[in-house]
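Colleague: Need coordinates for the below:
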Amino acid sequence: MLGMQPGASLPPQQPQMMPNPAFQQWMQLKQMRDQEMARRQKQFMAACSLIKEDAAKSYKIDIEADSTVAADEQAEKQSRTEFLQAMTPFLEGMIPLAQGSPALLPLISELIMFGVRAFPTSRTLEDAFETALQKMQQMPPAPPPGKQGNTKSPMEIQAQAQTEQGKIAADVHDTQVKAQTEQQSDAVKAQMEQQANAVKLQQIASQEQIAREKLQAEQGNKAAELSMRGREMQGKEQLEDAKIQHMQSRETQGLV
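Modeller: Alright, predicted model coming up:
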């Protein structure tokens, strides 16, 4: 191609956007509404032309026979049937759109009343329609049903799924870390309790050993004291015996 330098790379292609189901549904409803509006406009213009042409005749007194009255009733029934056939699908398309997009409620209300006023047979229902539309505007927006098509793009759905998986993985990791920390804390606590018990047992054993040694020392002191007293008494007895023998010996020598 002209103007391209050798080795120049082509610009990266933009990723193809996925069509939004909600937008497609809205476009279909818009086309239906435009077609219905065009038809109503045509009928309205035709009615205006008819009124202008028959304005002078509309004030004439017309005495009708029973057959004419029956024909008018049949026309009234047909007109009402046409009204119901036209408004039912229109309402079925507009009401969900209004519930999904509260900002469009005023426009949708005007469109519905525009269609209702196009039928002369619906004049008795205009007040009921207006009251219902006013109540609908005052109601909070209804949440979208879970079974409807997802309005998010695949990339948003994937990102949301990854975020949820990350949260779940983080929660599992936190739970595992908490469990491990509690186990380690319990192990350290048990080890500290064992060490404390061992120290207490050692202290008790030391106290018992000291008590035994003290008792043995006291018993040794008492035995030594008793032995000393025994030796003292024995020495005194020996001394007394010696005195007695000495006195007896002197008495014996004096008599000889």
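Colleague: Low-confidence regions, the chain specifically.
Modeller: Across the chain, the ranges flagged by pLDDT under 70 are 1-22, 52-71, 140-153, 253-256.
Colleague: need the longest helix for it.
Modeller: Taking DSSP state H as the criterion, the chain has its longest helix at helix 154-255.
Colleague: next one: it to chain centre, how far?
Modeller: 59 Å (C-alpha atoms, centre = their mean, to the nearest Å).
Colleague: Can I get stretch 127-134 as PDB, trimmed to CA atoms?
Modeller: Output in PDB follows, covering the C-alpha atoms of stretch 127-134 (Å, rounded to 0.1, in the frame of the first residue of the first chain):
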ATOM      1  CA  ASP A 127     -59.000   8.100  33.700                       C
ATOM      2  CA  ALA A 128     -58.200   4.500  34.700                       C
ATOM      3  CA  PHE A 129     -55.200   4.400  32.400                       C
ATOM      4  CA  GLU A 130     -53.900   7.700  33.800                       C
ATOM      5  CA  THR A 131     -54.400   6.500  37.400                       C
ATOM      6  CA  ALA A 132     -52.600   3.200  36.800                       C
ATOM      7  CA  LEU A 133     -49.700   5.000  35.000                       C
ATOM      8  CA  GLN A 134     -49.300   7.500  37.900                       C
END
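Colleague: can you list contacts of that stretch?
Modeller: Stretch 127-134 is touched from outside by S109, I112, M113, V116, S122, with contacts defined as C-beta atoms under 8 Å, 6 or more residues apart in numbering. For every residue, glycine as well, the C-beta is placed using N, CA and C.
Colleague: Just send the residues you listed back as TSV, with distance to W26, secondary structure and neighbour count too.
Modeller: Shown next, in TSV, are those (distance: C-beta to C-beta, whole Å; DSSP: H, G, I helix; E, B strand; the rest coil; neighbours: other C-beta atoms under 10 Å):
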residue	distance to W26	secondary structure	neighbour count
S109	17	helix	19
I112	17	helix	21
M113	21	helix	15
V116	22	helix	22
S122	26	helix	19
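Colleague: need the residues you listed in CSV with distance to M45, can you?
Modeller: As requested, the contacts of stretch 127-134 are exported to CSV (distance: C-beta to C-beta, whole Å):
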residue, distance to M45
S109, 23
I112, 20
M113, 18
V116, 18
S122, 18
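Colleague: Which single one of those residues is nearest to Q31?
Modeller: I112 (17.2 Å; C-beta to C-beta).
Colleague: Please name the residues that touch that closest one.
Modeller: I112 makes contact with F90, L91, M94, F129, L133, according to C-beta under 8 Å, 6+ apart.
Colleague: Around S101, how many other residues sit close by?
Modeller: Applying other C-beta atoms under 10 Å, we find 14 residues neighbouring S101.
Colleague: hmm, I was thinking of R117
Modeller: Each residue near R117 was counted by other C-beta under 10 Å, and the total is 14.
Colleague: For it, give me its contacts.
Modeller: Residues counted as contacts of R117 (C-beta under 8 Å, 6+ apart) are R123, E126.
Colleague: now it: how far from F83?
Modeller: As for R117, its distance to F83 is 11 Å (criterion: C-beta to C-beta, to the nearest Å).
Colleague: Check whether L125 really touches V116, as I assumed.
Modeller: Yes. Counting by C-beta atoms under 8 Å, V116 is a contact partner of L125 at 6.7 Å.
Colleague: still on that earlier bit, can you tell me which of the contacts of I112 has the most neighbours?
Modeller: M94 (23 neighbours).
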